[in-house]
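> Quick one, structure for this:
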Amino acid sequence: MPNSKKEGLIFGVMMCFGMVIVMSLYNAVINGTIQDFSMFSVVEIVIGLVIALVLDIAVVGPLARKIAFSLPIDRSKKINMILAMSSCMVIGMVLFMSLFGLVTAVFAHGLEVENLFTAYLMIAGKNVIMALPLQLLIMGPLVRGLFTKVVKPRLTPAA
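The predicted structure follows:
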């Protein structure tokens, strides 16, 4: 996949964009706030995208790579590495972005909860249920395909 920092950044932007948009819509639907979509919602999504990208580049990405490469799997099979890396990324991003969602809900929508930790676990659980299949079955293959067929050829100088 990405072979340089520039390619990695472009790939990360594409993946984060797709995942943040779909997960934001998913959360709006399951929380019954889809009808309240406004300019503020767009700002929340943009902030979420920036936070997701920073987490992807600086925290979750490097940690997920380290964990994925330390797993006792057959690294010679590309699919094993894709599944390991994608799964580690989803788990890490869900843990962080669910915290972002909780904070956003508390401050922006006045979410009333007695136990923030329980609320966080509920949010993270709901998010991983959607994010893992979304990443493994739809967004991952879509972004990898677009990146390989459209973006990478434009970045690679002609021989």
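> for the chain, where's the lowest mean pLDDT among helices and strands?
Lowest mean confidence among the helices and strands of the chain (mean pLDDT, DSSP states H and E): helix 152-155, at a mean of 81.
> So which bits of that helix are buried?
residue 152 (16 or more other C-beta atoms under 10 Å). No exception for glycine: its C-beta is placed from N, CA and C like everyone else's.
> Mind exporting the C-alpha coordinates of it to CSV?
Extracted as CSV, the C-alpha positions of helix 152-155 are listed here (Å, rounded to 0.1, in the frame of the first residue of the first chain):
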residue,chain,number,x,y,z
LYS,A,152,-0.8,5.8,-6.4
PRO,A,153,-0.3,6.0,-10.2
ARG,A,154,-0.5,9.8,-10.1
LEU,A,155,2.1,9.9,-7.3
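> who does that helix touch, helix- and strand-wise?
On a contact count with 3 or more C-beta pairs under 8 Å, 6 or more residues apart in numbering; DSSP states H and E, helix 152-155 meets helix 5-30.
> buried residues in the helix it packs on?
Buried residues in helix 5-30, counting neighbours by 16+ other C-beta under 10 Å, are found at 7, 10-20, 22-24, 26-28.
> And for stretch 124-144?
Result for stretch 124-144 [16+ other C-beta under 10 Å]: buried residues 124, 126, 127, 128, 130, 131, 134, 135, 139, 140, 143, 144.
> Just those: which are in helices?
The helices, defined by DSSP state H, take in 124, 126, 127, 128, 130, 131, 140, 143, 144 from those.
> In a markdown table: those residues, plus pLDDT.
Formatted as a markdown table, those follow (pLDDT from 0 to 100):
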| residue | pLDDT |
| --- | --- |
| 124 | 98 |
| 126 | 98 |
| 127 | 99 |
| 128 | 98 |
| 130 | 99 |
| 131 | 99 |
| 140 | 97 |
| 143 | 97 |
| 144 | 95 |
